Structures are given as C-alpha cells and as structure tokens.
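S.K.: Would you be able to build a 3D model of this:
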Amino acid sequence: LFGLFASLFFLGQAFTIMLVYVWSRRNPYIRMNFFGLLNFQAPFLPWVLMGFSLLLGNSIIIDLLGIAVGHIYYFLEDVFPNQPGGKKLLLTPSFLKMVFDTPEEDPNYNPLPEDRPEHQPRDHDQNEQQHPQ
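M.R.: Here you go, the predicted structure:
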C-alpha cells in the first residue's frame, strides 16, 4: 500500500531493505564492517545502506519505505505481543498453513522394515561384516 502512495510499482529493493531491517533488529549485538571503513552494530545496517545509496546518487525513498515497513513488521511481530496486554496481530492465513505445514503423523502408519530404528545395523555388526575372523 505504501508503494502505491509513493508511485512505486517494483518493490524488490524495498523488500530487501525490509528484510535487512528485521534481521538487524533481531540480531542487535552482531558487529558489522562496511568496506573495511566503518564498524557498527547490526541495527545500524539499514541506515548505513541507505547512506551508501545516497552517496551513489540514488533516491532514498525506496530505502525509507523498506525501513518503515520493516519497523512496522518488527513492532507487530516481536515487540507488541510481548507487552502487557499485547497480542499477536499478524496471523498466517489458514490456507497457507494447510499448504505449507508438514502433515501430522498418522498413528496407523507402519514404516517399512528398513526404515524402522530396531533394524538399523549396529557398529559392532558392521565391524564384524567388514573384518570377519
């Protein structure tokens, strides 16, 4: 929705910055190095990338959009649910869970004999097979 207000139709770079922002907020103690010139903590990475983009003469609107959306996502996913009275507002739609989640194990499933743990060869048996006496 923010892309429509900014008249942006390709949001790949903004999505990348958004992912960088979320990763950097979730890993605040990681030390970063930018071209061997600048040392900083991970939460500053999106801002350093935006500054580098500005130095190259690019528009920073896309970077700011990615940082804004990343901040909203980080707040709603990691900060707000852990506050007193907070709850998780971003829920995965059930049809996506149905498509991508691993199915529950069937209690009536009977694995093949070679897949059962009791039929796995032990180290002792393998040594005897390799070095018969």
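
S.K.: CA only for contacts and neighbour counts going forward, please
M.R.: Will do.

S.K.: For F40, which three-state class applies?
M.R.: When classified by DSSP: H, G, I helix; E, B strand; the rest coil, F40 comes out as strand.

S.K.: phi, psi of the residue lying closest to it once chain neighbours are set aside?
M.R.: Distances taken as CA to CA, 6 or more residues apart in numbering put M32 closest to F40, at 5.3 Å, once the chain neighbours are dropped. Dihedral angles of M32 (phi, psi; degrees, to the nearest 10) stand at phi -120, psi 160.

S.K.: going forward, begin numbering at 414 instead of 1
M.R.: Sounds good: first residue 414 from here, last item M445.

S.K.: quick one: contacts for M445?
M.R.: The contact partners of M445, by CA atoms under 8 Å, 6 or more residues apart in numbering, come to 452-455, 458.

S.K.: Kindly recompute the last result at 6 Å.
M.R.: Going by CA atoms under 6 Å, 6 or more residues apart in numbering, M445 touches 452-455.

S.K.: What lies in contact with stretch 498-517?
M.R.: Contacts of stretch 498-517 with the rest of the structure, by CA under 6 Å, 6+ apart, involve 493-494.

S.K.: If anything else comes up later, I'll come back, but that's it for now.
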